[in-house]
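J.: based on what follows, work out the 3D shape:
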Amino acid sequence: MFDNLRDLDKLKDKAEEIAEQHGDKITDGLEKAGDLIDEKTDGKHSERIDTGVEKARGLVEKLAENADDKD
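T.: Have a look, this model is predicted:
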């Protein structure tokens with residue numbers, strides 16, 4: 001799929017750039033998606049959904065921080 005490690009580095013850099021520029025929108029979307037899923041499952045999996053959303057938010061924040069460190 002990827003020809004070499006440079007392609008992976010470019011992909012990572014792009015993800016970091018997007019997270020830095022649009023992290024707030026991404027995390028808002030994650031929250032909304034989590035709330036919708038929680039609603040559709042009648043709250044049966046609230047704890048797991050919240051955990052997944054928090055982990056995803058943490059990843060977005062880490063990517064954004066990595067982009068900041070490169071600047």
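
J.: quick one: residues contacting the residue nearest in space to the middle of the chain.
T.: Closest residue to the average C-alpha location of the chain: Val60 at 3.9 Å, with Cα atoms, centre = their mean. Val60 makes contact with Ala19, Gly23, Ile26, Thr27, Leu30, according to Cβ atoms under 8 Å, 6 or more residues apart in numbering. Yep, even glycine has a C-beta here, placed from its N, CA and C like the rest.

J.: out of these, which is most surrounded?
T.: Ala19 (21 neighbours; other Cβ atoms under 10 Å).

J.: let me know the helix or strand that that residue is in.
T.: helix 5-40 (DSSP states H and E).

J.: helix or strand right after that helix?
T.: helix 46-70.

J.: quick one: average confidence on that next one?
T.: Summarised as a single mean, pLDDT over helix 46-70 is 93.

J.: now find how far off-centre it is within its chain.
T.: Relative to its parent chain, helix 46-70 has a centroid offset of 5 Å by Cα atoms, centre = their mean, to the nearest Å.

J.: now the angle from that helix to helix 5-40?
T.: 150 degrees (axes from the mean of the first three to the mean of the last three Cα atoms, to 10 degrees).

J.: how about helix 46-70: buried residues?
T.: Ile49, Val53, Ala56, Arg57, Val60, Leu63, Ala64, Asn66, Ala67 (16 or more other Cβ atoms under 10 Å).
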